[in-house]
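# okay, here's the prediction I keep looking at, along with the sequence it came from:
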Amino acid sequence: MSLKKILKERLPLSDEELSKIRRGFEIIGDVVIVDIPDEVYNLKDEIVKAILEKHKHVKTVLRKVGEVSGDYRVAKYEVIYGGETETVVKEHGCKFLLDPTKVYYSVKLSGERERIFKSVKPNERVLVMFAGVGPFAITIAKKSKAREVVGIELNPVAVNYFRKNVELNKVKDIVKVYEGDVREIVPKLDGYFDRILMPSPNNAMEFADVASLKTKKGTIIHYYTFAGVEEEKNLIKKVEEIFSPYLNCKGIFMRRCGNFAPYVYRYVVDLVVL
Ligand SMILES: C[S@@+](CC[C@H](N)C(=O)[O-])C[C@H]1O[C@@H](n2cnc3c(N)ncnc32)[C@H](O)[C@@H]1O
């Protein structure tokens, strides 16, 4: 249920106040992240109360006070209820330990993760660049018959959780975790991959060259990017062009997989290496 709807039921709010409240809130394990604009900050306690009534397991409520930013893609938060920010998220039968105030994680990508692990064929070798706490790598390892999944992550706190999550989900025979910059690590990896994920929509294009180094004929690349709806029509072509100095490849699929801002979405474009 949306926050707007919950508050409308509880409080005599004016249309103006209601229009300031963003529709959703994100539940990450037992931590809730909510967007409360300054204009309705006075409703903070009511908002917390409404959330706790609907979601009794919640132990901490965070108010987002800064957008996702920096290399590690972490937003800034203010604790408005509780305090413990480390939590365990369940997704597709896997468990992810993480602290959303220190690492990137989005529940909203769960559907995309399902699409990916369902596409992985038996015996594939998969590379997950920008692996975070491991949700793509671990769901692939657990839910497909991939032979090997290599994950690379720069944020040391995320790498620490990634390693713990590999243990927690009992996939250490399949998943290899590397800490560092994909630009330095990818060229040193042995061999080639059947599938490469590039889930860094703000700057994946800067890494098309390194990803290309580890492809072979038939490799599938899942390329993520933010784009405005007006770019959608030409997006596959644009992504093919990004790779064209390094690879002969063809776009085979595209879809929206998340909303970033009004009329701006996260897109995934799948490419096959020819
Ligand atoms: C948008 S997040 C995606 C994380 C994860 N794939 C997920 O879906 O939860 C991008 C991740 O890339 C990491 N990152 C940023 N630059 C990197 C680089 N040059 N090499 C490796 N990881 C990087 C960030 O720390 C962040 O965890």
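Sure thing, it's come through.
# identify the residues contacting stretch 204-222?
Residues outside stretch 204-222 that contact it (Cβ atoms under 8 Å, 6 or more residues apart in numbering): 116, 119, 127, 129-130, 182-183, 186-187, 189, 191-200, 223-225, 242-243, 245-247, 249, 268-274. Where you see a C-beta, it was placed from the backbone N, CA and C, and this is true even at glycine.
# mind doing that once more with 6 Å?
For stretch 204-222, the external contacting residues (Cβ atoms under 6 Å, 6 or more residues apart in numbering) are 182-183, 186-187, 192-193, 195-198, 223-225, 242-243, 246-247, 268, 270-273.
# which of those residues count as buried?
Buried members of the contacts of stretch 204-222, counted by 16 or more other Cβ atoms under 10 Å: 182, 186, 192-193, 195-198, 223-225, 242-243, 247, 268, 270-271, 273.
# ok, and of those residues, which contact the ligand?
Counting by Cβ under 6 Å from any ligand atom, Val182 from these sit close to the ligand.
# show me the buried ones among the contacts of stretch 204-222 that map onto helices.
Counted as lying in helices by DSSP state H, out of these, are Val182, Ile242, Phe243.
# how close does the last one get to the ligand?
As defined by Cβ to the nearest ligand atom, to the nearest Å, Phe243 lies at a distance of 18 Å from the ligand.
# OK, contacts around the residue nearest to Leu98 when sequence neighbours are not counted?
Distances taken as Cβ to Cβ, 6 or more residues apart in numbering put Val133 closest to Leu98, at 4.6 Å, once the chain neighbours are dropped. Applying Cβ under 6 Å, 6+ apart to Val133 gives the contacts Phe96, Leu98, Val103, Tyr105, Ala158, Tyr161, Phe162, Asn165.
# hang on, Val133 in a strand?
No. Looking at Val133 with DSSP: H, G, I helix; E, B strand; the rest coil, it is coil, so not inside a strand.
# related to what we said a few turns ago, looking at the contacts of stretch 204-222, which are in strands?
Here DSSP state E is the test, and those give Arg195, Ile196, Leu197, Met198, Tyr223, Tyr224, Thr225, Val268, Asp270, Leu271, Val272, Val273 as lying in strands.
# tell me the one of the residues you listed nearest Phe25?
Tyr224 (23.5 Å; Cβ to Cβ).
# I'd say that closest one and Leu197 touch.
No. Using Cβ atoms under 6 Å, Tyr224 makes no contact with Leu197, being 8.1 Å away.
# would you tell me which helix is longest in the chain?
From DSSP H, the single longest helix across the chain is helix 156-168.
# list the buried residues for that helix?
Buried residues in helix 156-168, defined by neighbour count with 16+ other Cβ under 10 Å: Val157, Ala158, Val159, Asn160, Tyr161, Phe162, Arg163, Asn165, Val166, Leu168.
# please consider this matter closed, and thank you.
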